[in-house]
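Enquirer: Here is the input, now give the coordinates:
(one chain, ligands or ions: 1)
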Amino acid sequence: MIVPMVTWAAPVKIKFSHVVAENTPKGQAAVKFKELIEQRLPGKVVVEVYPNAQLFGDNKVLEAMLLGDVQMAAPALSKFQKYTKQLQIFDLPFLFDDLEATERFQNGPAGQGLLGSLSKKGLVGLGYLHNGMKQLSASDPIITPTDARGKKFRIMTSDVLQEQFDAVDAVPLKKPFAEVFTLLQTKAIDGQENTYSNMYSQKFFEVQEHITETNHGLLDYLVVTSAEFWMGLPEEMREEIHTALNEAIAHGNQLAFEFDARDRQAILDSGKSKIHTLTPQQREQWVESMRPVWKKFEKEIGADLIDAAVKSNQK
Ligand code: LMR
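Expert: Numbers count the residues shown, from 1 in each chain. The predicted structure is shown next:
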């Protein structure tokens, strides 16, 4: 049998898997990344983007990545606790005042150091991507912490988030993102926490009459790849891919600010969900109830890291 000689190398394939809709900061960053790669590395690298948990949910994607079934993903920072305890910092309630503070922390030495926190597990953190600050939604108005008592809230797979809801005597349930709409619609749960972008694009607002603007926590992402895939690429190609990814992330981060305001307004305009803002006194009650959670995770995360994050609130 004559074996034909291969004179060209097959392009490197990057499957990028995520769980949100395309019309979100992460969805748009992934699309931008694909565009930039195809312009700059035509025929050498192809990117396939799989949104809406079509390929993997966040509970499976990192295992799949280590097996080589997917090359890039951007799970919420809340979804890495099996791999590192340090990223739990991003879940501490009322730690960051706003997205700008988060950015200062992520871009500073402490945040940049955390990108390497997965290296022992064979994963490489390539960059942070924003979504926004989380709000609470529920079928009843939740204005003070006592309103949350006994209510079932879906959370991401994070022990910090579990403690956060335990702190107000609510019932947190770890569930995959793809199941949240149905859980809310069937009233199997009472509420959830998320950004305006996710509440809008997943239509949670259509089945939750009340949203409380708590800004109590952060939903950001870590774009990750596997060390095996990454280090197996020629250096020049790796650099080109990283540059394109950084540009895509910058694009997504800019959209995060815009989409937060846009989707908040779209929810208001729909008339389906009422947005409750809190008085400073009401907000303070939430802070007081949830702040003790920090102490429980201080050892695992590191007091220095928490201090650095608190300092990032200063402009
Ligand atoms: C969630 O599970 O609520 C979020 O992590 C979804 C996402 O990727 O924004």
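
Enquirer: Burial check on the closest residue to the ligand within the stretch 201-315 of the chain, number of neighbours?
Expert: Proximity of the stretch 201-315 of the chain to the ligand (CB to the nearest ligand atom) peaks at Leu219, 5.8 Å away. Every residue, glycine included, has its C-beta placed from N, CA and C. Leu219 sits with 24 neighbouring residues when counted by other CB atoms under 10 Å.

Enquirer: thought it was touching Gln192?
Expert: No. Counting by CB atoms under 8 Å, Leu219 stays clear of Gln192, with 11.5 Å between them.

Enquirer: which residues touch Val310?
Expert: Counting by CB atoms under 8 Å, 6 or more residues apart in numbering, Val310 touches Leu95.

Enquirer: residue boundaries of the helices in the stretch 101-250 of the chain?
Expert: With DSSP state H, counting those that start in this stretch, the ranges of helices along the stretch 101-250 of the chain come out as 109-114, 159-166, 180-185, 196-201, 227-231, 235-270.

Enquirer: send the alpha carbons of the fourth one over as PDB?
Expert: Taking Å, rounded to 0.1, in the frame of the first residue of the first chain, the C-alpha atoms of helix 196-201 are listed here in PDB:
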ATOM      1  CA  TYR A 196     -28.000  41.000  35.000                       C
ATOM      2  CA  SER A 197     -26.400  39.600  31.900                       C
ATOM      3  CA  ASN A 198     -27.100  36.000  32.900                       C
ATOM      4  CA  MET A 199     -30.500  36.800  34.300                       C
ATOM      5  CA  TYR A 200     -31.500  38.400  31.000                       C
ATOM      6  CA  SER A 201     -29.900  36.100  28.500                       C
END
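
Enquirer: Give me the mean pLDDT for that helix.
Expert: Mean pLDDT, computed over helix 196-201, is 98.

Enquirer: Let's have the helices of the stretch 101-250 of the chain in TSV, adding mean neighbour count.
Expert: Output for the helices of the stretch 101-250 of the chain, formatted as TSV (neighbours: other CB atoms under 10 Å):
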stretch	mean neighbour count
helix 109-114	16
helix 159-166	22
helix 180-185	17
helix 196-201	26
helix 227-231	16
helix 235-270	17
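
Enquirer: As TSV, those with distance to the ligand would be great.
Expert: Below are the helices of the stretch 101-250 of the chain laid out as TSV (distance: least, CB to the nearest ligand atom, whole Å):
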stretch	distance to the ligand
helix 109-114	18
helix 159-166	10
helix 180-185	7
helix 196-201	5
helix 227-231	21
helix 235-270	11
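
Enquirer: Output those in JSON lines, with distance to Asn313 appended to each entry.
Expert: As requested, the helices of the stretch 101-250 of the chain are exported to JSON lines (distance: least, CB to CB, whole Å):
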{"stretch": "helix 109-114", "distance to Asn313": "14"}
{"stretch": "helix 159-166", "distance to Asn313": "19"}
{"stretch": "helix 180-185", "distance to Asn313": "30"}
{"stretch": "helix 196-201", "distance to Asn313": "21"}
{"stretch": "helix 227-231", "distance to Asn313": "33"}
{"stretch": "helix 235-270", "distance to Asn313": "18"}
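
Enquirer: wait, what's in contact with the residue of the stretch 151-300 of the chain found nearest the ligand?
Expert: Across the stretch 151-300 of the chain, the shortest distance to the ligand (CB to the nearest ligand atom) belongs to Phe177, at 3.4 Å. Counting by CB under 8 Å, 6+ apart, Phe177 makes contact with Val19, Val20, Ala53, Gly57, Asp58, Met156, Asn198, Gln202.

Enquirer: Excluding chain neighbours, what is closest to the last one?
Expert: Counting by CB to CB, 6 or more residues apart in numbering, the nearest residue to Gln202 once its immediate chain neighbours are dropped is Phe181, at 5.6 Å.

Enquirer: so the one you found makes contact with Phe205?
Expert: No. Assessed by CB under 8 Å, Phe181 is found out of contact with Phe205, at 10.6 Å.

Enquirer: What residues sit buried inside stretch 39-57?
Expert: Neighbour-count burial for stretch 39-57 flags 41, 44-47, 49-53, 55-57 (criterion: 16 or more other CB atoms under 10 Å).

Enquirer: Can you tell me what sits against that stretch?
Expert: Against stretch 39-57 from outside (CB under 8 Å, 6+ apart): 11-22, 27, 30-31, 33-34, 37-38, 61, 64, 69-70, 73, 176-178, 237, 240-241, 244.

Enquirer: Buried residues, stretch 22-34. List them.
Expert: For stretch 22-34, a neighbour-count test (16+ other CB under 10 Å) marks Thr24, Pro25, Lys26, Gly27, Gln28, Ala29, Ala30, Val31, Lys32, Phe33, Lys34 as buried.

Enquirer: what does stretch 213-224 give?
Expert: In stretch 213-224, counting by 16+ other CB under 10 Å, buried: Thr214, Asn215, His216, Gly217, Leu218, Leu219, Asp220, Tyr221, Leu222, Val223, Val224.
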